[in-house]
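Novice: below: sequence and its predicted model.
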Amino acid sequence: MKAEDVKDLRTALELLETVPGELVSTSEEVDPEAELAAVYRKVGAGVPVLPPAPAGPAMRFERVKGFDVPVVAGVLGTRRRVALLLGAEPERVAFRLLEALEHPAAPVEVTDAPCQEAVIRAPLDLRRIVPAPTNTRLDAGPYITMGLLRAHDPETGAADVTIHRLCVQGPDRLSVYFAPGRHIDVFRAKAEARGEALPVSISIGMDPAVYLAACFEPPATPLGCDELAIAGGLRGRPVRLARCVTQPVEAVADAEFVIEGEILPGERIR
């Protein structure tokens, strides 16, 4: 298997399995509250007391207490692993990213979306569906740390994606941490100024190229630049999008999970 065969998270893990030491799987049951993070810290990430941090493997937890879905951590944890997933030498990763920026491939909308093979509608309880870990007892709650938000500019219609930490606050409620200047937060502010909610999709568990592309920031990717086109450039083929079931926005068709919802105006959690 080669990097060009990677099209989603599952094929990415298959590639990592071909290289000794890049992926460790465990079938021992772990508790998502603190235990999962502690095991990953010990086995996967090591304990980075002094730089450089230890280059541990990615980990797949096949049995997570209370859930029938596995959890993966550390897929992009080292430069070597990123290079492997992109089919590049470690010292050439930055150049691959630059090439993708210069030769993007715009995403395409499809109707055969794996992410919509099973649709769960409200009323629902995210706490029983998504195996989000609580990493320490000081955390505000379970966190989804690699949620890719996609939304449209309420004024121009331009689409954008950014990665945000999402805290599960209740059965159908998430809080989103917006660092200043993030593009989806700009869209949120525009919608809030109009007294409107901002429709969003949250795609979780995808081709690592999508996550890497979403990390681009201005001036390389100004407001309204769809970073998914850079992911398409990294793979040499467009990212597949699916129209959401309940919201006027798209999601990554090959994601493991998609959460559809709205960012409500004037709502804050402290």
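Specialist: Thanks, I have it. Residues are numbered from 1 along each chain as shown.

Novice: going forward, measure contacts and count neighbours with C-alpha atoms only.
Specialist: Noted.

Novice: as a whole number, average confidence for stretch 262-270?
Specialist: Averaging pLDDT along stretch 262-270 gives 91.

Novice: from now on call the first residue 746
Specialist: Shifting the count to begin at 746 puts that one at stretch 1007-1015.

Novice: flag every buried residue along that stretch.
Specialist: Going by neighbour count (16 or more other CA atoms under 10 Å), the buried part of stretch 1007-1015 is 1007-1008, 1010.

Novice: given the lengthiest strand in the chain, what are its sheet partners and their directions?
Specialist: Of all the segments of type strand in the chain, defined by DSSP state E, the longest one is strand 904-915. The sheet places strand 904-915 alongside strand 888-897 (antiparallel), strand 918-921 (antiparallel), with pairing taken from DSSP bridges.

Novice: following the chain onward from the last one, which element is next?
Specialist: Beyond strand 918-921 in the direction of the C-terminus, DSSP states H and E gives the next helix or strand as helix 928-938.

Novice: quick one: strands adjacent to the following helix or strand past that following helix?
Specialist: For helix 928-938, the succeeding helix or strand toward the C-terminus, using DSSP H and E, is strand 943-949. Listed by DSSP bridges, the sheet partners of strand 943-949 and their directions read strand 888-897 (antiparallel), strand 1002-1008 (antiparallel).

Novice: among the ones you listed, which comes closest to residue 958?
Specialist: Taking CA to CA, strand 888-897 is the member of those nearest to residue 958, at 11.0 Å.

Novice: rewinding a little: buried ones in the longest strand of the chain, by neighbour count?
Specialist: Residues of strand 904-915 classed as buried by neighbour count (16+ other CA under 10 Å): 904-914.

Novice: now the angle from that strand to helix 928-938?
Specialist: 80 degrees (axes from the mean of the first three to the mean of the last three CA atoms, to 10 degrees).

Novice: neighbouring contacts of strand 904-915?
Specialist: Strand 904-915 is contacted by residues 870-872, 877, 885-898, 919-923, 927-929, 956, 959-960, 968-973 when judged by CA atoms under 8 Å, 6 or more residues apart in numbering.

Novice: do you have the strands of the chain handy? List them.
Specialist: Using DSSP E, the strands of the chain run over 768-771, 803-806, 816-818, 853-854, 888-897, 904-915, 918-921, 943-949, 985-988, 995-997, 1002-1008.

Novice: how far out from the middle of the chain is the last one?
Specialist: On the basis of CA atoms, centre = their mean, to the nearest Å, strand 1002-1008 is displaced by 13 Å from the centre of the chain it belongs to.

Novice: coming back round to it: export the strands paired with strand 904-915 to CSV and tack on distance to residue 937 and mean pLDDT?
Specialist: As requested, the strands paired with strand 904-915 are exported to CSV (distance: least, CA to CA, whole Å; pLDDT from 0 to 100):
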stretch, distance to residue 937, mean pLDDT
strand 888-897, 13, 95
strand 918-921, 15, 96
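
Novice: show the pLDDT at residue 812.
Specialist: Residue 812 is assigned a predicted lDDT (pLDDT) of 96.

Novice: again, but for the one 5 residues further on
Specialist: pLDDT, the model's per-residue confidence, is 96 for residue 817.

Novice: look up the closest residue to residue 981, ignoring the ones flanking it.
Specialist: Distances taken as CA to CA, 6 or more residues apart in numbering place residue 850 nearest to residue 981, at 7.2 Å, with adjacent residues excluded.

Novice: how close does the one you found sit to residue 997?
Specialist: Counting by CA to CA, to the nearest Å, the gap from residue 850 to residue 997 is 15 Å.

Novice: which one's more surrounded, these two?
Specialist: It is residue 997, of residue 850 and residue 997, that has more neighbours when counted by other CA atoms under 10 Å, with 34 against 21.
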